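Asker: predicted coordinates and the sequence they were generated for:
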Amino acid sequence: MKTLIKNIGTLAGILPAGVLKLEGEQMNDVASISNAYLMIEDGLISAFGTMEECPGDSPGDGPYGYPGDCSKGHPDGCSTDTTGDNSRYEVIDAEGGIVMPCFCDSHTHLVYAGCRDGEFRDKIAGLSYEEIAARGGGILNSADLLHETSEDELYRQSMERINEIASKGTGAVEIKSGYGLRTGDELKMLRVIRRIKETSPLTVKATFLGAHAVGREYVGRQDEYVRLVCEEMIPAVAAQGLADYVDVFCDKGFFTVEQTAAILKRAAEFGLVPKIHANELEISGGVQVGVEHDALSVDHLEQTADAEIEVLKGSRTMPTMLPGCSFFLGIPYGRAKQFIAAGLPVALASDYNPGTSPSGDMRFIMALGCIRMRLTPEQSFNACTINSAYAMGVSGTLGSITEGKKANLIITKPLPSLAFIPYSHQTPFIRKVIIP
Ligand code: NIG
Ligand code: FE
């Protein structure tokens with residue numbers, strides 16, 4: 001099955017094969033072609049170039065014939081050439097819009113039950129995230145709700161969120177457990193994530209986050225809970241092949257550096273690579289322990305000093321910032337500009353969850369990257385595509401316009417520039433999202 005996208009105003013986000021992340025000054029540019037075409041074959045990008053090089057763009061022209069009707073596969077109404085006599089491939093006329101890789105969202109907790117709108121009121125009234133958590137709200141509140149919710153219902157609620165983010169341009173998503181906090185409930189969450197992997201067209205990675213908070217039964221017995229995570233949860237998760245990664249909330253009031261190290265060491269015995277929650281509430285040592293254990297990413301980083309920048313240099317760990325959480329909680333934004341100036345890469349992700357970022361809209365994240373973190377539109381674009389793909393271990397197959405990569409693509413209406421995306425992020429500029 002082939003699809004030709006023609007009359008692309010700007011084909012944005014082109015990278016050579018083998019570039020898995022962009023760091024420092026490399027983040028300043030988004031390579032593009034104007035007046036372009038792109039060919040998709042069996043779900044992969046097979047060719048692209050200028051319209052002058054476009055194969056078979058008129059009947060009898062070039063090696064391919066004209067298409068049949070594309071409305072079958074694309075009910076949301078792309079315009080399609082229907083002239084010609086065969087259906088060797090479908091043609092989508094981009095009518096001058098931008099074509100870009102789908103967003104990758106490398107940090108979410110989108111499998112959760114219900115919501116926490118009551119705590120939203122507490123927050124407005126002045127309680128901090130830690131105060132709400134200390135009163136037994138927060139993550140424990142979500143764990144109670146999840147415990148009472150059936151696996152089918154949890155899947156149904158989560159798929160609504162998946163469909164919502166896909167319509168907003170996300171083509172790959174990492175999802176964490178961590179609202180179970182009991183072995184059975186952690187496994188239930190991870191089974192829901194596996195079912196999403198199997199039934200949704202998005203690329204999905206699963207992360208085991210048993211150490212998100214201390215479960216209710218273990219309050220006051222934190223070390224025992226860590227033992228439960230190490231001795232019961234990790235082996236059970238690994239035995240069923242339910243997780244790609246392991247995560248720990250290494251922060252004030254949650255898990256210490258020593259506990260984090262113990263969990264990462266145990267997880268490594270089962271081949272689970274770390275992605276760490278670090279430095280959201282204070283400088284926790286989470287970045288250092290993550291880098292020591294060769295974490296794929298260290299995430300949040302609202303609080304960082306120069307020591308964190310230094311330790312990340314020369315590591316393979318992707319610093320990932322979550323501006324939706326800063327926005328919602330009213331806490332500082334990560335110092336992305338300083339990280340980039342120091343030659344580091346930066347990824348942005350949504351942190352979609354009911355307590356600190358109840359939105360998975362990556363257009364908004366890209367906008368916050370510019371508006372609140374003062375990244376250029378190009379830097380923010382790269383942080384939300386190739387670097388976020390790296391932070392979830394998929395940048396070999398996603399995150400850029402590259403021959404052989406998956407054709408997860410956003411087609412926009414004609415826009416004045418790439419900057420329009422973060423500038424006017426709530427304008428309904430997405431005309432079509434392709435996730436083959
Ligand atoms: O990434 N910080 C820890 N975990 C989530 C919040 C989870 C929650 O409050 O439900 C976060 O912000
Ligand atoms: Fe998170």
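Answerer: Great, that's in hand. Fair warning: this is a prediction, and the values are worked out from it, not measured in the lab. Ligands and ions are numbered 1, 2, ... in the order given.

Asker: which residues sit in contact with the residue sitting nearest the centre point of the chain?
Answerer: Centroid check for the chain by CA atoms, centre = their mean gives D105 as the closest residue, at 0.9 Å. The contact partners of D105, taken as CB atoms under 8 Å, 6 or more residues apart in numbering, are I165, T170, A172, V173, E174, A349, S350, Y352, G360, M362, I365, S388. (Each C-beta comes from the backbone N, C-alpha and C, glycine too.)

Asker: what sits against the fourth one?
Answerer: Looking back up the chat, that one is V173. Taking CB under 8 Å, 6+ apart, one finds C104, D105, T108, L110, I162, I165, L202, T203, V204, K205, G360, M392 in contact with V173.

Asker: before we move on, the earlier item: list the beta-bridge partners for the residue nearest to the centre of the chain.
Answerer: Following DSSP bridges, D105 is listed with bridge partners V173.

Asker: quick check: it vs A125, distance?
Answerer: Distance of D105 to A125, computed by CB to CB, to the nearest Å: 30 Å.

Asker: what does G290 give?
Answerer: G290 is 34 Å from A125, by CB to CB.

Asker: likewise for S106?
Answerer: On the measure of CB to CB, S106 and A125 end up 33 Å apart.

Asker: go on, G171?
Answerer: According to CB to CB, G171 stands 38 Å off from A125.

Asker: give me the domain ranges for the protein.
Answerer: Using automatic domain parsing, the domains assigned to the chain come out as 2-101+401-434, 103-391.

Asker: helices or strands up against the lowest-mean-pLDDT helix or strand in the chain?
Answerer: The helix or strand of the chain with the lowest confidence, counting by mean pLDDT, DSSP states H and E, is helix 129-134 at a mean of 89. Helix 129-134 is packed against helix 117-125, with contacts defined by 3 or more CB pairs under 8 Å, 6 or more residues apart in numbering; DSSP states H and E.

Asker: list the buried residues for the helix it packs on?
Answerer: Residues of helix 117-125 classed as buried: E119, K123 (neighbour count, 16 or more other CB atoms under 10 Å).

Asker: is that helix anywhere near ligand 1?
Answerer: No. Contact of helix 117-125 with ligand 1 (CB under 6 Å from any ligand atom) is absent, the minimum separation being 8.6 Å.

Asker: near ligand 1, which residues of this structure show up?
Answerer: Contact residues (CB under 6 Å from any ligand atom) of the chain with ligand 1: 109, 138-139, 142, 249, 277, 280, 325, 351, 353-356.

Asker: closest one of those residues to A47?
Answerer: D351 (36.3 Å; CB to CB).

Asker: what about that closest one, which SS state?
Answerer: Three-state call for D351 (DSSP: H, G, I helix; E, B strand; the rest coil): coil.

Asker: equivalent analysis for D152, please.
Answerer: Going by three-state DSSP: D152 is helix.

Asker: in the protein, what residue lies closest to ligand 1?
Answerer: Of all residues in the chain, the one sitting closest to ligand 1 is G355 (2.2 Å; CB to the nearest ligand atom).

Asker: pretty sure that residue sits against A143.
Answerer: No. No contact is recorded between G355 and A143 when judged using CB atoms under 8 Å, the distance being 11.2 Å.

Asker: endpoints of stretch 391-411, how far apart?
Answerer: 24 Å (CA to CA, to the nearest Å).

Asker: swap that for stretch 164-183, sorry
Answerer: So stretch 164-183: terminal residues 29 Å apart, CA to CA.

Asker: flag every buried residue along that stretch.
Answerer: Neighbour counts over stretch 164-183 (16+ other CB under 10 Å) mark 165-166, 168-183 as buried.

Asker: now go through those residues and say which are in strands.
Answerer: Mapping the buried residues of stretch 164-183 onto strands (DSSP state E) picks out T170, G171, A172, V173, E174, I175, K176.

Asker: can I get the contacts of V173 in JSON lines with distance to E131 and pLDDT?
Answerer: Shown next, in JSON lines, are those (distance: CB to CB, whole Å; pLDDT from 0 to 100):
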{"residue": "C104", "distance to E131": "34", "pLDDT": "98"}
{"residue": "D105", "distance to E131": "29", "pLDDT": "99"}
{"residue": "T108", "distance to E131": "25", "pLDDT": "98"}
{"residue": "L110", "distance to E131": "25", "pLDDT": "98"}
{"residue": "I162", "distance to E131": "32", "pLDDT": "98"}
{"residue": "I165", "distance to E131": "30", "pLDDT": "98"}
{"residue": "L202", "distance to E131": "35", "pLDDT": "98"}
{"residue": "T203", "distance to E131": "37", "pLDDT": "98"}
{"residue": "V204", "distance to E131": "34", "pLDDT": "98"}
{"residue": "K205", "distance to E131": "33", "pLDDT": "98"}
{"residue": "G360", "distance to E131": "26", "pLDDT": "98"}
{"residue": "M392", "distance to E131": "32", "pLDDT": "98"}
